[in-house]
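**Q** Following is a predicted model, sequence given first.
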Amino acid sequence: MSTTTITKSATADQATPAAPRKARGRGLAGTLASHGMLTVASLIALFPIAWLVFLSLGPDKDDYLHPGRIWSTMTLDNYSFVLQETNFFEWLKSSLIISLGTTVIGVMIAATTGYAVSRMRFPGYKKFMWVLLVTQMFPIAVLIVPMYQILSELRLIDTYLGLILVYCSTAVPYCAWLLKGYFDTIPFEIDEAGRVDGLSPFGTFFRLILPLARPGLAVAAFYSFITAFGEVAFATTFLLDDEKYTFAVGLQSFVSEHDAQRNLMAATAVLIAIPVSAFFYLVQKNLVTGLTAGGTKG
């Protein structure tokens, strides 16, 4: 019996390494497949950007019809023209003022709104959030006329503040819903701990809750910034002075009734992407989760 037992044990020991090899083989195949799919998806996502950069190097406005000609005629003249012969830096200043103003004001209003609905139980708090959601259902064409009348009575037509308030009316409802859901994930014990330490409700909100809500605030800030930076309809209607045009409105100067300078539009679009990419780089460090996990571990 001992001989049989030893033989079976030796056979089992020899057969054991075969399973990890198959597992490693399947793991390697799965890894290669996932990396291949991610590579293809990345190429698909990057292709429009690469195509836009490529067209911006073409010297002629009709080069998009014959892209093969661009290889032999590449030039940076389009960028020189946009930077030197247009109001590019005025557009940049206006876009940054309006976008950053919308981001700061909109996120602060949305954060206080989301926190109040998340922590306080006042009459109609649920209906209030649904009212915010309903405001997103109205198309821009319906909102422009009443908004124009309101801004005209307040003498805010052709002002940065007027456009910032208009964009806040679009960004705040979504950001309030977003941040309300994020505040719900922060343990209520943190608020109670702040009260025990003698903090007021505002002190608890600003000193304890907001630092833990950085990921949600970063997402809300990025959404508000993009909303204001790329919007066209409101900016075209409420801004009358060409020196106050945003990038989205300034691009229309390259389009006339019978012509479109697509090479200049492509170059401007590439330059427009730079501040957006810089803003994303600043907030992407906080686009992580798990900050609340250590909030109650003390």
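**A** Alright, I've got the coordinates. The model shown is predicted, which means the values in this text are computed figures rather than measured ones.

**Q** lowest-pLDDT helix or strand in this structure?
**A** Ranked by mean pLDDT, DSSP states H and E, the weakest helix or strand in the chain is helix 2-15, scoring a mean of 48.

**Q** Following the chain onward from it, which element is next?
**A** helix 18-56 (DSSP states H and E).

**Q** Just list what that following helix packs against, helices and strands only.
**A** helix 262-283 (3 or more C-beta pairs under 8 Å, 6 or more residues apart in numbering; DSSP states H and E). Backbone N, C-alpha and C define where each C-beta goes, glycine included.

**Q** Buried residues in the helix it packs on, which are they?
**A** Applying a neighbour-count criterion of 16 or more other C-beta atoms under 10 Å, one finds 262-272, 275-276, 279, 283 buried in helix 262-283.

**Q** Give the other helices and strands that that helix contacts.
**A** helix 18-56, helix 77-85, helix 88-119, helix 214-230, helix 247-250.

**Q** and of the ones you listed, who's closest to Thr204?
**A** helix 88-119 (9.2 Å; C-beta to C-beta).

**Q** who does the very next helix or strand once past the closest one touch, helix- and strand-wise?
**A** Of the helices and strands lying after helix 88-119 in sequence (DSSP H and E), the nearest is helix 125-134. Helices and strands touching helix 125-134, by 3+ C-beta pairs under 8 Å, 6+ apart, are helix 88-119, helix 160-184.

**Q** angle of the shortest one against helix 214-230?
**A** Looking back up the chat, that one is helix 160-184. Per axes from the mean of the first three to the mean of the last three C-alpha atoms, to 10 degrees, the angle that helix 160-184 makes with helix 214-230 is 150 degrees.

**Q** how about the following helix or strand past helix 160-184: buried residues?
**A** As assigned by DSSP H and E, the chain's next helix or strand after helix 160-184 is helix 189-196. Neighbour-count burial for helix 189-196, counted by 16+ other C-beta under 10 Å, picks out Asp191, Ala193, Gly194.

**Q** From the chain's centroid, how far away is helix 189-196?
**A** 32 Å (C-alpha atoms, centre = their mean, to the nearest Å).

**Q** Can you say which of the helices and strands packed on helix 262-283 is nearest to Pro67?
**A** Among the helices and strands packed on helix 262-283, helix 18-56 sits nearest to Pro67 (C-beta to C-beta), with 7.0 Å.

**Q** now Leu199: how far from Glu192?
**A** From Leu199 over to Glu192 the distance is 11 Å, taken as C-beta to C-beta, to the nearest Å.

**Q** actually Asp184, not the one I typed
**A** 16 Å.

**Q** Mean pLDDT, distance to Ile140 and mean neighbour count added to the helices and strands packed on helix 125-134, as a markdown table?
**A** Converted to a markdown table, these look like this (pLDDT from 0 to 100; distance: least, C-beta to C-beta, whole Å; neighbours: other C-beta atoms under 10 Å):
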| stretch | mean pLDDT | distance to Ile140 | mean neighbour count |
| --- | --- | --- | --- |
| helix 88-119 | 91 | 16 | 20 |
| helix 160-184 | 90 | 9 | 21 |
